[in-house]
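Student: Sharing a model prediction with you, sequence too.
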Amino acid sequence: MPGANDGLVSNLSLVMGVAGATSGESGVLLAGLAGLLAGALSMALGEWISVKSSQELYERQMALEMDEIIANPEGEMKELTLIYMAKGIPDAMASEMAQKTIADKDHAHEVLVKEELGINAEDLKGSAMEAAVASFILFAVGAIIPVLPFFFTGGLQAVLFCAGLSAVGLFVIGAAITLFTGKNVWYSGFRQVVFGLLAAAITFGIGKLIGVSLAG
């Protein structure tokens, strides 16, 4: 949902800015499509880099942990003992469990990675490409909403349709977010509409000023 919201608000502001400068007649559709594509690609690349970097960091930390197990098994066994003791296991039993665990390097590595580093191996199985594609799609879904009216009409009519359609999209996104926040649906939905349309109004006004300035 955040990706769709970003796409809708950012492209709505862009479209309204261009519409203000051109009275909704020229270049709005092209600008909106360009904003959609540029924003979606940027979001996808950012998500890919974020996921990939996190995975590489985790892999590096896990590799270092295995090196420590091989180079200093006694020190790692003491760490395992402390980990077990922290879970409420008696000292003698914790020490015995640590000895058995360290005898199996792979198992010891698994335990230390989870308990000491706080890394869940399942996190490494996520696909950076899948995350990037999902981010692209979510942004594009939001960004296409303010562009749609300009496929069929232009001028003030398209601007009004754009504002109305975007308001509906903003409300739906705001309402959907309450599934995670637990906030009131109407409050969250209308708050999203107010802030989104306020941003659009500001850029429309700036575009209008620029258009008048250029015309003069």
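Tutor: Received, thanks.
Student: Any regions of the chain where pLDDT drops low?
Tutor: By pLDDT under 70, the low-scoring segments of the chain are 1-2, 24, 121-125, 211-216.
Student: Give me the outermost residue of it relative to its centroid.
Tutor: Ala92 (46.8 Å; C-alpha atoms, centre = their mean).
Student: Okay, and that one sits in which element?
Tutor: helix 91-103 (DSSP states H and E).
Student: just the CA coordinates of that helix, formatted as CSV?
Tutor: The C-alpha coordinates for helix 91-103 follow below in CSV (Å, rounded to 0.1, in the frame of the first residue of the first chain):
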residue,chain,number,x,y,z
ASP,A,91,24.9,-24.0,34.4
ALA,A,92,26.0,-27.6,34.2
MET,A,93,23.4,-28.6,31.7
ALA,A,94,24.0,-25.5,29.6
SER,A,95,27.7,-26.3,29.4
GLU,A,96,26.9,-29.9,28.4
MET,A,97,24.5,-28.7,25.7
ALA,A,98,27.1,-26.3,24.4
GLN,A,99,29.7,-29.0,24.1
LYS,A,100,27.3,-31.2,22.1
THR,A,101,26.3,-28.3,19.9
ILE,A,102,29.8,-27.1,19.1
ALA,A,103,30.7,-30.7,18.0
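Student: need the next SSE after it, C-terminal direction.
Tutor: Heading C-terminal from helix 91-103 (DSSP H and E), you reach helix 105-115.
Student: burial measure for Gly27, as a count.
Tutor: Residues lying near Gly27 (other C-beta atoms under 10 Å) number 14. Where C-beta positions appear, they are placed from N, C-alpha and C, glycine not excepted.
Student: Now for the residue nearest to it when sequence neighbours are not counted: which residues touch it?
Tutor: Excluding the flanking residues, the one nearest Gly27 by C-beta to C-beta, 6 or more residues apart in numbering is Val18, at 6.0 Å. Counting by C-beta atoms under 8 Å, 6 or more residues apart in numbering, Val18 makes contact with 27-28, 31-32, 207.
Student: Gly174 now?
Tutor: 188-193.
Student: wait, which of the residues you listed is closest to Thr81?
Tutor: Ser188 (49.4 Å; C-beta to C-beta).
Student: Now do the closest one: how many residues are near it, please.
Tutor: By other C-beta under 10 Å, neighbour count at Ser188 equals 19.
Student: What strand or helix carries it?
Tutor: helix 185-215.
Student: And that helix, what does it pack against?
Tutor: Secondary-structure packing of helix 185-215 (3 or more C-beta pairs under 8 Å, 6 or more residues apart in numbering; DSSP states H and E): helix 2-22, helix 155-181.
Student: deepest of the ones you listed, which one?
Tutor: Mean neighbours per residue, mean count of other C-beta atoms under 10 Å, is largest over these for helix 2-22, with a mean of 24.
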